[in-house]
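J.: what follows is a predicted protein model with its sequence.
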Amino acid sequence: PLWEMHPPQVIKPQLLKDGYKLVAEKGYEVTDDVSIVEFLGAPVKITKGSYENLKVTTPEDLLIAERLLDDRAAKAATVNA
(Lines give C-alpha, C1' and ligand atoms only; values in the text may rest on other atoms or scores of the structure.)
Protein backbone atom coordinates (compact mmCIF):
# COMPACT_ATOMS: atom_id res chain seq x y z
CA PRO A 1 0.00 0.00 0.00
CA LEU A 2 0.93 3.63 -0.42
CA TRP A 3 0.93 5.81 2.69
CA GLU A 4 1.07 9.56 3.03
CA MET A 5 3.34 10.56 5.89
CA HIS A 6 2.66 13.59 8.05
CA PRO A 7 4.70 15.15 10.82
CA PRO A 8 5.60 14.50 13.46
CA GLN A 9 7.84 11.55 12.76
CA VAL A 10 9.03 10.46 16.18
CA ILE A 11 12.36 8.61 16.18
CA LYS A 12 14.85 7.95 18.95
CA PRO A 13 17.90 10.17 18.31
CA GLN A 14 20.46 7.35 18.38
CA LEU A 15 18.42 5.28 15.94
CA LEU A 16 18.28 8.23 13.56
CA LYS A 17 22.04 8.89 13.93
CA ASP A 18 22.76 5.23 13.16
CA GLY A 19 20.45 5.44 10.17
CA TYR A 20 22.10 8.54 8.74
CA LYS A 21 25.49 6.86 9.10
CA LEU A 22 24.27 3.76 7.25
CA VAL A 23 22.68 5.83 4.49
CA ALA A 24 25.89 7.81 4.01
CA GLU A 25 28.07 4.69 3.97
CA LYS A 26 25.85 2.75 1.55
CA GLY A 27 24.77 5.69 -0.62
CA TYR A 28 21.08 4.90 -0.16
CA GLU A 29 18.55 7.41 -1.42
CA VAL A 30 15.91 8.30 1.15
CA THR A 31 12.87 10.54 1.13
CA ASP A 32 12.44 11.16 4.86
CA ASP A 33 13.58 10.05 8.30
CA VAL A 34 11.23 7.07 8.39
CA SER A 35 12.77 5.61 5.24
CA ILE A 36 16.14 5.80 7.03
CA VAL A 37 14.72 3.79 9.93
CA GLU A 38 13.34 1.25 7.45
CA PHE A 39 16.82 0.77 5.94
CA LEU A 40 18.00 -0.17 9.44
CA GLY A 41 15.31 -2.82 9.61
CA ALA A 42 13.76 -1.18 12.67
CA PRO A 43 9.97 -1.33 13.09
CA VAL A 44 7.88 1.64 11.99
CA LYS A 45 4.47 2.27 13.51
CA ILE A 46 1.80 4.05 11.53
CA THR A 47 -0.96 5.91 13.32
CA LYS A 48 -4.06 7.59 12.02
CA GLY A 49 -3.53 11.30 11.60
CA SER A 50 -5.30 14.40 10.40
CA TYR A 51 -4.81 16.80 7.51
CA GLU A 52 -4.99 19.53 10.16
CA ASN A 53 -1.65 18.35 11.56
CA LEU A 54 0.38 20.74 9.43
CA LYS A 55 4.08 21.23 9.06
CA VAL A 56 4.43 25.00 8.94
CA THR A 57 7.39 25.84 6.72
CA THR A 58 6.13 28.60 4.43
CA PRO A 59 4.12 31.78 4.89
CA GLU A 60 1.23 30.08 3.12
CA ASP A 61 1.35 27.19 5.61
CA LEU A 62 1.13 29.72 8.43
CA LEU A 63 -1.97 31.29 6.88
CA ILE A 64 -3.64 27.88 6.63
CA ALA A 65 -2.71 27.03 10.23
CA GLU A 66 -4.09 30.34 11.47
CA ARG A 67 -7.34 29.73 9.59
CA LEU A 68 -7.69 26.27 11.10
CA LEU A 69 -7.09 27.65 14.60
CA ASP A 70 -9.59 30.46 14.03
CA ASP A 71 -12.18 27.91 12.88
CA ARG A 72 -11.54 25.75 15.96
CA ALA A 73 -11.87 28.76 18.25
CA ALA A 74 -15.15 29.77 16.61
CA LYS A 75 -16.54 26.23 16.98
CA ALA A 76 -15.46 26.07 20.63
CA ALA A 77 -17.08 29.44 21.34
CA THR A 78 -20.32 28.21 19.80
CA VAL A 79 -20.30 24.99 21.83
CA ASN A 80 -19.45 26.78 25.08
CA ALA A 81 -21.98 29.59 24.60
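T.: Everything's here; your move.

J.: name the helices or strands packed onto the lowest-mean-pLDDT helix or strand in the chain?
T.: Least confident helix or strand, the chain: helix 33-40 with a mean of 90, by mean pLDDT, DSSP states H and E. The helices and strands touching helix 33-40, judged by 3 or more Cβ pairs under 8 Å, 6 or more residues apart in numbering; DSSP states H and E, are helix 13-26. In this view, the C-beta of every residue, glycine as well, is placed from N, C-alpha and C.

J.: next, the angle helix 33-40 makes with the helix it packs on.
T.: Note on geometry: by axes from the mean of the first three to the mean of the last three Cα atoms, to 10 degrees, helix 13-26 and helix 33-40 are set 70 degrees apart in direction.

J.: buried set for helix 13-26?
T.: Using 16 or more other Cβ atoms under 10 Å as the burial criterion, the residues of helix 13-26 that qualify are 16, 19, 23.

J.: same check, this time on stretch 67-81
T.: Judged by neighbour count using 16+ other Cβ under 10 Å, stretch 67-81 contains no buried positions.

J.: ditto for stretch 33-46
T.: Taking 16+ other Cβ under 10 Å as the criterion, stretch 33-46 shows 33, 34, 36, 37 as buried.

J.: rewinding a little: so which of the buried residues of helix 13-26 comes closest to residue 70?
T.: Checking those against residue 70 by Cβ to Cβ gives residue 16 as the nearest, at 34.9 Å.

J.: wait, residue 64 sits on residue 53?
T.: No. Shown here, residue 64 and residue 53 do not form a contact pair, counting by Cβ atoms under 8 Å, at 11.8 Å.
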